[in-house]
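>>> mind folding the following:
(chains A and B)
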Amino acid sequence: MSIELVTYPELCHGCGNCVVTCPVNALRSPEVAGGKGPTDEVDLIMEVEDGSIELKRTELCGKCGACARSCPVSAIRLEKLEDAK
Amino acid sequence: MMETTETIDQDKNISVQRTGEETRKLAFKNVLCTSCGLCEKICPVTAIEVEPAGATLEEQEASKIDIKEDKCVLCGMCACICPYNALEMEIDGKSVKDIEEYPKLLKSAEISEDVCVYCKACETACPRDAIVIARDLPERSKLVTGEIEIDKETCIDCGICEELCPADAITMEHKEPTADSPTVSSDIEVDKDKCVYCLICKKACPVDAITAACRQCSYGEYDLKAEDSEITGSTFIDEDLCVDCGWCEEICPVDAAKVEKAFEGTITVDQEKCQGCETCVMICPCNALSFPKSEESGGKPEKLHAEEKYCIFCGACEKACPNEAITVERTGIKSTPIKSKSWKTAFESVKGTSK
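Model (predicted):
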């Protein structure tokens, strides 16, 4: 068992709440923390691309759940995934 | 023949059992777990994995910990270090808590009823709702002394006294006037068990129909008995819920509560790294973390306030923080004597930080 970030792009409205709320993103990019998209090459856990959520550097995720709590449509969640045995 | 089996029930509780010469059973209660990670840290065979608390806050279908039954040797170290009693180890049906050789964390919370004044501050402050304070208050009539009479001949049934009385002690029997009984009230009474002799009715009565005096104002408390004003009660701490955080001891105005914590340590916050996601505040079972409000508009208070007085140094916040902004360092562990060298080493291994 492990709990991982899972996205549902078909639900995503592209609002970017998760990108801005994510404390890991915020620490890596003050621009993102301020509500903008990144203007430089910075590693983020997730970004909105073409209006939909894209997971990027998920290995940085500390699984705090802030993104899931900020998403208005539950398009990003922390879910239990069965380990491949 | 030895056989190890693992079961997980619908409440995400886990049970690992091994039969053989003796039956060993490790039981995990999901609801008590705070994902602090101490079991994972002490396990000598890396059989336990603990998810960060923020993750289990979101994914409530999952158990907060994962025990790999093929690795678990049922040694019981996790059960002995767990500060939340979420892990229990039994050997042939007997809890290791009742077996002398197994070390027990020294932690407790008590309220002395000899000292308690039943103010209920601890009940309100307890972050686990583990405290119940029951109290019997004295009769209000025994705390006041005085006299009051309404001269019903003089009374004009205006109802002003009834409306003003702060203790609801005056009742007028309102009625419609009839030809044979042309009054708006049939009677007026003062309930002397409710009256506090504040004299508002007397001062307000437009026809001076009320004679009243507060004896306490003129003569002091000479005819009040001290024992009549005594507040009695009882205190109760639910040991299953209590996490020995120290809130009751800190907030008690009369030092009636005493808490002993199993771990000594420090908690520090890197204000630069903290981005205010609040995950730690949500998961801390001790209410030891908070975000201070700005005192003036535009003011910049510290991001996260960690209060060691209420912290039991379990490390759940440190594990939950996605930015490693919190450092919990355990400097001491209080337990019953440990005889085995390997167990001593294991207990020592959870000192320091998890980083």
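>>> please make it C-alpha for all contacts and neighbour counts, starting now.
OK.
>>> how about B:Tyr222, nearest residue that isn't a chain neighbour?
B:Gln216 (7.9 Å; Cα to Cα, 6 or more residues apart in numbering or on different chains).
>>> helices or strands up against the host helix or strand of that neighbour?
Taking DSSP states H and E as the criterion, the element that holds B:Gln216 is helix B:215-219. Counting contacts by 3 or more Cα pairs under 8 Å, 6 or more residues apart in numbering or on different chains; DSSP states H and E, helix B:215-219 packs against strand B:146-150.
>>> and residue 28, how many neighbours?
Just so you know, I chose chain A. 15 (other Cα atoms under 10 Å in any protein chain shown).
>>> um, chain B though
B:Phe28 is flanked by 25 other residues according to other Cα under 10 Å.
>>> and the one 3 residues further on, by the same measure?
Neighbour count for B:Val31, taken as other Cα under 10 Å: 13.
>>> how about A:Glu4?
Using other Cα under 10 Å, A:Glu4 has 19 neighbouring residues.
>>> the stretch 51-200 of chain B against chain A: which residues are in contact?
B:51-59, B:61-62, B:66 (Cα under 8 Å from any Cα of the partner chain).
>>> which parts of chain A sit against chain B?
Residues of chain A lying near chain B by Cα under 8 Å from any Cα: A:1-3, A:21-24, A:26-27, A:61-66, A:68, A:77-80.
>>> now with 6 Å, please.
Taking Cα under 6 Å from any Cα of the partner chain as the contact definition, chain A meets chain B at A:23-24, A:62-65, A:78-79.
>>> filter those down to the ones in helices?
Residues of these located in helices (DSSP state H): A:23-24.
>>> and the pLDDT at whichever residue of the stretch 101-250 of chain B sits closest to chain A?
Closest residue of the stretch 101-250 of chain B to chain A, Cα to the nearest Cα: B:Pro127 (21.2 Å). Model confidence at B:Pro127, given as pLDDT, is 96.
>>> residue nearest the centroid of the chain?
No chain specified, so I'll use chain A. A:Met46 (3.9 Å; Cα atoms, centre = their mean).
>>> you looked at the wrong chain, it should be chain B
Nearest to chain B centroid, counting by Cα atoms, centre = their mean: B:Cys126, 2.0 Å.
>>> and that residue, its phi and psi?
Here is the backbone geometry of B:Cys126 (degrees, to the nearest 10): phi -60, psi 120.
>>> now a ChimeraX select for only the buried ones of the residues of the stretch 51-200 of chain B next to chain A.
ChimeraX command restricting these to the buried ones, with burial defined by 16 or more other Cα atoms under 10 Å in any protein chain shown:
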select /B:51,52,53,54,55,56,57,58,59,62,66
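>>> chain A: which of the residues of the stretch 51-200 of chain B next to chain A is nearest?
Taking Cα to the nearest Cα as the measure, chain A lies nearest B:Gly54 of these, at 4.1 Å.
>>> for that closest one, give me its contacts.
The contact partners of B:Gly54, taken as Cα atoms under 6 Å, 6 or more residues apart in numbering or on different chains, are A:64-65, B:279, B:320.
>>> also B:Lys319?
If a contact means Cα under 6 Å, 6+ apart, then B:Lys319 has B:Pro52 as its contacts.
>>> again with the one 5 residues further on
Shown here is B:Glu324, which makes no contacts under the criterion Cα under 6 Å, 6+ apart.
>>> report the secondary structure state of it.
coil (DSSP: H, G, I helix; E, B strand; the rest coil).
>>> all strands for chain A, in order.
For chain A, applying DSSP state E gives strands covering A:2-7, A:46-49, A:52-55, A:76-81.
>>> let's have the ones you listed in CSV, adding mean pLDDT.
As requested, the strands of chain A are exported to CSV (pLDDT from 0 to 100):
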stretch, mean pLDDT
strand A:2-7, 91
strand A:46-49, 92
strand A:52-55, 94
strand A:76-81, 91
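>>> which of those sits closest to B:Thr345?
Distance to B:Thr345, taken as Cα to Cα, is lowest for strand A:2-7 among the strands of chain A, at 28.9 Å.
>>> alright, that wraps it up for me.
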